[in-house]
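Novice: no sequence on this one, just coordinates:
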Ligand SMILES: Nc1ncnc2c1ncn2[C@@H]1O[C@H](COP(=O)(O)OP(=O)(O)OP(=O)(O)O)[C@@H](O)[C@H]1O
């Protein structure tokens, strides 16, 4: 990957002298705050125009991420000669990569990226992609084609990302063009970077704005807000975003419940450009007037369908619509998930303006990289069956080492009880669920990741977004009641082009899931056991459209893989929403591609209707 010749303005000589060192951590944070200079102001001369407190108008499509016209020097490159630039505030930033290695050089032609990154890009080559919306910006094939700025490019190299994943190829140019986006792409396909890169780049290069001092000087006014449903996922996004924004001058802060608020307040007072948060803690901070959303330019919802389902929707609406956040059309809104049921798409469209819908892969489906097995197990036999699986796994492993195995159960009590039983029977296990305190949850996750306790028993709190390397096996000890939850759970393995295994224990209690499970497995080219097909065909067991799933709701397409606007009256008339697909007519809309109607074209009957 060739580094773009242009250098990010945020990356070059900072005209301002470095502020005084930060006081000790228990010192008054106010003095920190007074020295905080937002990234877009860090390179300004004193003759800069007066700052505005109003949110800036949306950049015209095509302008974000590119040098602002008429602002020469914005991207002043190195060179220039003369004295060495003064130290920058972020020169002292702790290195989130945990090493002091120099930035890896751009990779030579013919470089074996699979060996380097562990991502199997061949697995993504034929992936169907569908976009709809007006004037969709073209996709890119390499990071070099998009000028994200030198500092961000360095971090992409430090992450060892050689090529953008398919969702990144499409979503990054769309976001850089200033467009709202609803993006669906399979689990483990790199959605986090797809929304973080444009946000970081946009903040580095966006128009200068001085954040208002609303509610007193202790109110933090971030420029971007990333909401996610769980504490652990927020922490993970924060860690990733810190890597991506290392030495860009963009400051990322995280706020989530269950952890002492004082430290988070201190972090906020030191200045924040991107706030990653769970909704509950954010509402708390807003009510205390310690955060104002007045300056928000970017709003991203990760696991957007979860954020807008019954549990979270009221809180999210409150944050987005009833506080001081600039309205849609003024801010830029990015929604990402691996699943996007039609009814949730409709609800989500309230937050979006003239948006582009992007579907990468068989949306709502699972990647073929995950081998799915389903076994009929009576409730009473589940434990011994699990024991057999774990023994077999251990026996086939190198030096009898247990591979990382994530076991999903329905209830918190069930998680505790299974954890105890496994430990008693010689299998080192830990658990994560909502009744454990935050310290215990974090400890459990660390202990699992490190392999100290290679079995993690979890409720759905660990189903979404968590990127744990080397999870070899996901066991659905209890199947969820919703097929989308199943997709997210099994997506904890088989990530970033790697293969994985998922085993589901199916009992009589799961009869209503039979059809959706059989269909999903078929969509993902998995072998469906004959007994499951027979179960699925029984009208009372899902053959008649039963089972709790939200996929049919209005999307009219199987697995919610299509833009719900296509089904609505305005869509398609006079080419309103345009759209395209790289998979040809058969990819999404054909009658045969995905078996029995596949995704269902516009107007085609869907199995989920
Ligand atoms: N361009 C890239 N090259 C190599 N690896 C990448 C690239 N982009 C992302 N990754 C890696 O892929 C893994 C999965 O990424 P990420 O967690 O963003 O997936 P996701 O699509 O958000 O998954 P989920 O739907 O489960 O939330 C991460 O380990 C990430 O570092």
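Specialist: Nice, thanks for sending it over. Just so we're clear, the structure is a prediction, and the values are computed from it rather than from any experiment.
Novice: Now the stretch 251-400 of the chain against the ligand: closest residue?
Specialist: residue 338 (4.3 Å; Cβ to the nearest ligand atom). For the C-beta atoms, the positions are set from N, CA and C on the backbone; glycine is no exception.
Novice: The closest residue to that residue other than its chain neighbours sits in which helix or strand?
Specialist: Nearest in space to residue 338, with sequence neighbours left out and distances taken as Cβ to Cβ, 6 or more residues apart in numbering, is residue 187 at 4.7 Å. According to DSSP states H and E, residue 187 maps onto no helix or strand at all.
Novice: Please list the residues of this protein that sit near the ligand.
Specialist: Proximity of the chain to the ligand, by Cβ under 6 Å from any ligand atom, involves residues 117, 119, 161, 163-165, 168, 185, 187-193, 338, 465, 467, 491, 495-496.
Novice: Strands - which of the residues you listed land there?
Specialist: Applying DSSP state E to the residues of the chain next to the ligand, the entries found in strands are residue 185.
Novice: follow-up on the earlier one: backbone torsions only: list them for the residue nearest to residue 338.
Specialist: Reported as degrees, to the nearest 10, the phi and psi values for residue 187 are phi -60, psi 140.
Novice: Isn't it up against residue 493?
Specialist: No. Look at residue 187 against residue 493 with Cβ atoms under 8 Å: they stay out of range, at 9.1 Å.
Novice: if we can go back for a sec, tally of neighbours for the residue nearest to residue 338?
Specialist: Residue 187 has 25 neighbours, counted by other Cβ atoms under 10 Å.
Novice: got the contact list for it?
Specialist: Residue 187 is in contact with 338, 366-367, 487-488, 490-492, 494-495, counting by Cβ atoms under 8 Å, 6 or more residues apart in numbering.
Novice: Confidence-wise, which of those residues comes last?
Specialist: On pLDDT alone, residue 366 ranks lowest of those, at 64.
Novice: Tell me how far residue 158 lies from residue 514.
Specialist: 46 Å (Cβ to Cβ, to the nearest Å).
Novice: should've said residue 178
Specialist: 45 Å.
Novice: which of these two has more neighbours?
Specialist: Neighbour totals were compared for residue 178 and residue 514, and residue 514 leads with 24 against 19 (other Cβ under 10 Å).
Novice: Specify the local secondary structure of that one.
Specialist: Under DSSP: H, G, I helix; E, B strand; the rest coil, residue 514 falls in the helix class.
Novice: just use 58 as the starting number from now, easier for me
Specialist: Shifting the count to begin at 58 puts that one at residue 571.
Novice: what does the model give it for pLDDT?
Specialist: Per the predicted model, pLDDT is 95 at residue 571.
Novice: Correct me if wrong: it contacts residue 586.
Specialist: No. Counting by Cβ under 8 Å, residue 571 sits too far from residue 586 to count as a contact (10.7 Å).
Novice: mind giving me the domain ranges of this structure?
Specialist: 179-263+275-417, 427-594 (the TED database).
Novice: Now do the SS call for the nearest residue to residue 396 once chain neighbours are set aside.
Specialist: Excluding its sequence neighbours, the residue lying closest to residue 396 (Cβ to Cβ, 6+ apart) is residue 541, at 4.1 Å. When classified by three-state DSSP, residue 541 comes out as helix.
Novice: how close does residue 541 sit to the ligand?
Specialist: Residue 541 sits 11 Å away from the ligand, going by Cβ to the nearest ligand atom, to the nearest Å.
Novice: My read is that that residue contacts residue 400, right?
Specialist: No. The criterion here is Cβ under 8 Å, and residue 541 misses it with residue 400 at 11.8 Å.
Novice: And those two? Which one has more around it.
Specialist: Neighbours were counted for residue 541 and for residue 400 using other Cβ under 10 Å; residue 541 has more, 28 against 19.
Novice: do you know how far the more buried one is from residue 466?
Specialist: In this view, residue 541 and residue 466 are 18 Å apart by Cβ to Cβ.
Novice: Also residue 368?
Specialist: 19 Å.
Novice: quick one, which of these two is more surrounded?
Specialist: Neighbours per residue, other Cβ under 10 Å: of residue 368 and residue 466, the larger number sits with residue 466, 23 against 12.
Novice: didn't the more buried one look like it was pressed against residue 537?
Specialist: No. Between residue 466 and residue 537 there is no contact, the gap being 10.1 Å when judged by Cβ under 8 Å.
Novice: Between these two, which contacts overlap?
Specialist: Common neighbours of residue 466 and residue 537 (Cβ under 8 Å, 6+ apart) do not exist.
Novice: got the contact list for the closest residue to residue 245 other than its chain neighbours?
Specialist: Leaving aside its chain neighbours, residue 245 sits nearest to residue 552 (2.9 Å; criterion: Cβ to Cβ, 6+ apart). Going by Cβ under 8 Å, 6+ apart, residue 552 touches 244-245, 524, 526, 528.
Novice: Among those residues, name the buried ones.
Specialist: Among the contacts of residue 552, the ones that count as buried by 16 or more other Cβ atoms under 10 Å are 244-245, 524, 528.
Novice: Pick out whichever of these sits closest to residue 478.
Specialist: Checking the buried ones among the contacts of residue 552 against residue 478 with Cβ to Cβ, the nearest one is residue 528 at 21.1 Å.
Novice: Could I get the phi/psi values of that closest one?
Specialist: Phi and psi for residue 528, reported as degrees, to the nearest 10, are phi -70, psi 120.
Novice: And for residue 506?
Specialist: Here is the backbone geometry of residue 506 (degrees, to the nearest 10): phi -60, psi -40.
Novice: And the pLDDT for it?
Specialist: Here the pLDDT value assigned to residue 506 is 96.
Novice: now residue 126
Specialist: With respect to pLDDT, residue 126 has a value of 31.
Novice: again, but for residue 314
Specialist: In this model, residue 314 is scored at 96, pLDDT.
Novice: Pretty sure it sits against residue 337.
Specialist: Yes. The criterion here is Cβ under 8 Å, and residue 314 meets it with residue 337 at 4.9 Å.
Novice: Neighbour count for the two, which is higher?
Specialist: More crowded of residue 314 and residue 337, by other Cβ under 10 Å: residue 314, with 18 against 15.
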